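Undergrad: This is a predicted model, with the sequence first.
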Amino acid sequence: MCGIVGLFLKRDELRPQLGDMLTDMLITMTDRGPDSAGIAIYGDEAEGRVKITVQSDTPDTDFEGLEPALSAEIGVAATTRVIDTHAVLSVPSDKEAAAIAWLEARGLRIMGSGQSMEIYKEVGLPKDVAARFGLRDMGGSHGIGHTRMATESAVTTLGAHPFSTADDQCLVHNGSLSNHNQMRRKLAHKGVFTRSENDTEVGAAYISSRVADGDTLGEALEGTLKDLDGFFTFVAGTKDGFGVVRDPIACKPAVMAETDDYVAFASEYRAFADLPGIEAARIWEPEPATVYFWER
Amino acid sequence: MTITLDMAQTDLRTVNTTLQAAAKGQANEAYIIENPRGSHAMACGLDGALDVTVKGSTGYYTAGMNKDATVTVEGSAGPGVAENMMSGVVTIQGDASQYAGATGHGGLLNIRGNASSRCGISMKGIDIVVHGSIGHMCAFMAQKGNLVVLGDAGDALGDSLYEARLFVRGSVKSLGADCIEKEMRDEHLTLLAELLEKAGADAKPEEFKRYGSARKLYNFNIDHADEY
């Protein structure tokens, strides 16, 4: 069991409230996943720059002097925002690959990167994770979150969701995949590598590799129905919105709500209880083996 | 007498204990539950005459094991609504999620919206009326009772069915193993008319088709090995 939440805002005026709304949804899903929690938030972007979110278990020493050292390495000024165990580094887009290689070599864990996406995830109760990162105060256009009850890999930061395997793309998952080892090997043959033993990361890498090969996100999600075996309700985030797909058996729960202001996804209706205007929202259960999309 | 319990102030356990005590006391009271906020196991285990109206949507296992009570949800219900219901009436004004009315022994489950997958799975005598459509694998291994659907049915309807009767007005995406369309006789039209009236459904019995068991999978038969 795990909990998933997602929120896509239709009106820009609501952007400052995104973190607050998502945090309530995430904390309500604690019963479904008390091991770890994580959130991908799509916020501000700067022209020609990417944000790289990194994590360290010893942030005091690892983040000390990180900004000047990275700037010296890539030859231009990087900026850094440290938030608890995470740091968000902004670098010019053409220096992204070099920066990530250097950061990984220093032993930092890469949570994700992209023009607008930031990822925060840690082991612990969702309310504690949310408080550590100040999720409530974060703004943005859309975000997805996950509360984890581990099945397929250890309870670690790297095992927590969301998983990001390409710029501005991420995936959260309720369920378990049974052919992830085989798929991991297939992807490795193509030169696509994962960072953990986790099944969901393979799902994320599968989707990213399809997109890299020229498929649309919709086609990639459609492909999960054929190529991934197991139980899944997936919510995939992109720079422009999010997509939802459930396996054909669809025993993992999912519910959606839509108003003039937002589209919301959750594992259970409970997560919607505090959303404004929920009483008048259109509420429905996404159909099995059907891809849904909301994009701006 | 109508008593209101507001879940903004009263926790779920207190609400359920209060309802269960009232049902046991045969007080025949009416309760209104406000702010259910998608709570799980709302109004479950009621075993006496009691009228409960829930003002909003509920989570897992609403009105489970219901006996004699009348429970109305003025919203949608999560997975497993009216699971193992014995008698009484459970009405969902919105949609019901997976396995609504599973293993139900009796009473009426009246779903005004749509029901999702596995509705009426292993039903054992319950009557289920769905005013909208139903998802896949509904009435799987259903043993007894009636499932009435005014809309469409998804894949594998009535797979491995025993003696439950299935009535569908719209299309059926596919029938499950050993489920076949059957002749609608006078006795079925009469039964269906009664069920539609009880559920307040605006439909004519003649518009429905009846599905039931071909009775080929009841006992192991080596000639049917491919079908198991």
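TA: It's in.

Undergrad: Every contact and neighbour count from this point should use C-alpha atoms.
TA: Fine.

Undergrad: ends of stretch A:269-276, how far apart?
TA: 14 Å (CA to CA, to the nearest Å).

Undergrad: What are the buried residues along it?
TA: Under the neighbour-count criterion of 16 or more other CA atoms under 10 Å in any protein chain shown, stretch A:269-276 has A:269-273, A:275 buried.

Undergrad: wait, does that stretch contact chain B?
TA: Yes: for stretch A:269-276 and chain B, the contact criterion (CA under 8 Å from any CA of the partner chain) is met by A:269-270, A:273.

Undergrad: Nearest to chain A: which residue in chain B?
TA: Shortest chain B-to-chain A distance, computed as CA to the nearest CA: residue-wise this is residue B:38, at 4.4 Å.

Undergrad: For my notes, confirm that residue occurs in a strand.
TA: No: the secondary structure assignment for residue B:38 gives coil rather than a strand, going by DSSP: H, G, I helix; E, B strand; the rest coil.

Undergrad: contacting residues around it?
TA: Contact analysis of residue B:38 by CA atoms under 8 Å, 6 or more residues apart in numbering or on different chains lists A:268-270, A:273, B:56-59, B:77-78.

Undergrad: before we move on, what SS does the nearest residue to it once chain neighbours are set aside have?
TA: Taking CA to CA, 6 or more residues apart in numbering or on different chains, and ignoring the residues beside it in sequence, residue B:38 has residue B:58 as its nearest neighbour in space, at 3.7 Å. Using three-state DSSP, the structure places residue B:58 in coil.

Undergrad: Give the residue spans of chain B that score low on pLDDT.
TA: Screening chain B residue by residue with the criterion pLDDT under 70, one finds the ranges B:224, B:227-228.

Undergrad: which parts of it sit against chain A?
TA: B:37-39, B:56-59, B:78-79, B:95, B:97-98, B:116.

Undergrad: Report the rounded mean pLDDT for the helix or strand that contains residue A:111.
TA: Secondary structure assigned from DSSP states H and E places residue A:111 in strand A:109-114. For strand A:109-114, mean pLDDT is 97.

Undergrad: residues of stretch A:181-196 that come out buried?
TA: Residues of stretch A:181-196 classed as buried by neighbour count (16+ other CA under 10 Å): A:183-184, A:187, A:192-194.

Undergrad: which among the buried residues of stretch A:269-276 gets closest to chain B?
TA: Nearest to chain B out of those is residue A:270 (CA to the nearest CA; 4.4 Å).

Undergrad: sorry, back to before: generate TSV for the buried residues of stretch A:181-196, with secondary structure and pLDDT as supplementary columns.
TA: Formatted as TSV, those follow (DSSP: H, G, I helix; E, B strand; the rest coil; pLDDT from 0 to 100):
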residue	secondary structure	pLDDT
A:183	helix	97
A:184	helix	97
A:187	helix	97
A:192	coil	93
A:193	coil	92
A:194	coil	92
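
Undergrad: which among the residues of chain B next to chain A gets closest to residue A:12?
TA: Proximity of the residues of chain B next to chain A to residue A:12 (CA to CA) peaks at residue B:37, which lies at 27.2 Å.

Undergrad: Turn the contacts of residue B:38 into CSV, including distance to residue B:200.
TA: Shown next, in CSV, are those (distance: CA to CA, whole Å):
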residue, distance to residue B:200
A:268, 29
A:269, 27
A:270, 29
A:273, 30
B:56, 21
B:57, 21
B:58, 22
B:59, 25
B:77, 19
B:78, 23
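
Undergrad: Most neighbours among these, which one?
TA: Tallying neighbours with other CA atoms under 10 Å in any protein chain shown puts residue B:77 at the head of the contacts of residue B:38, with 33 neighbours.

Undergrad: who's in contact with that one?
TA: For residue B:77, the contacting residues are B:38, B:57-60, B:62, B:92, B:94-97, by CA under 8 Å, 6+ apart.

Undergrad: Between all of those residues, which two are separated the most?
TA: Taking every pair in these and measuring CA to CA, the maximum separation is 14.6 Å, between B:60 and B:94.

Undergrad: elements contacting the helix or strand of chain A with the lowest mean pLDDT?
TA: When the helices and strands of chain A are compared on mean pLDDT, DSSP states H and E, strand A:292-295 comes out lowest with a mean of 92. Here strand A:292-295 is seen to pack against strand A:241-246 when contacts are counted using 3 or more CA pairs under 8 Å, 6 or more residues apart in numbering or on different chains; DSSP states H and E.

Undergrad: and the strand it packs on, how far out from the chain's middle?
TA: Averaging C-alpha coordinates over strand A:241-246 and over its chain gives two centres that are 12 Å apart (CA atoms, centre = their mean, to the nearest Å).

Undergrad: So which residues make contact with the next helix or strand after it?
TA: Sequence-wise, the next helix or strand beyond strand A:241-246 is strand A:255-258, with elements assigned using DSSP H and E. Taking CA under 8 Å, 6+ apart as the criterion, the residues outside strand A:255-258 that touch it are A:263-269, A:272, A:278, A:281-286.

Undergrad: Could you do stretch B:159-171 as well?
TA: For stretch B:159-171, the external contacting residues (CA under 8 Å, 6+ apart) are B:123-125, B:137-153, B:158, B:175-179, B:207-213, B:215, B:217-218.

Undergrad: Is it correct that residue A:202 falls within a helix?
TA: Yes: the secondary structure assignment for residue A:202 places it in a helix, going by three-state DSSP.

Undergrad: Break chain A into its domains for me.
TA: When chain A is parsed with automatic domain parsing, its domains come out as A:3-44+A:125-295, A:46-115.
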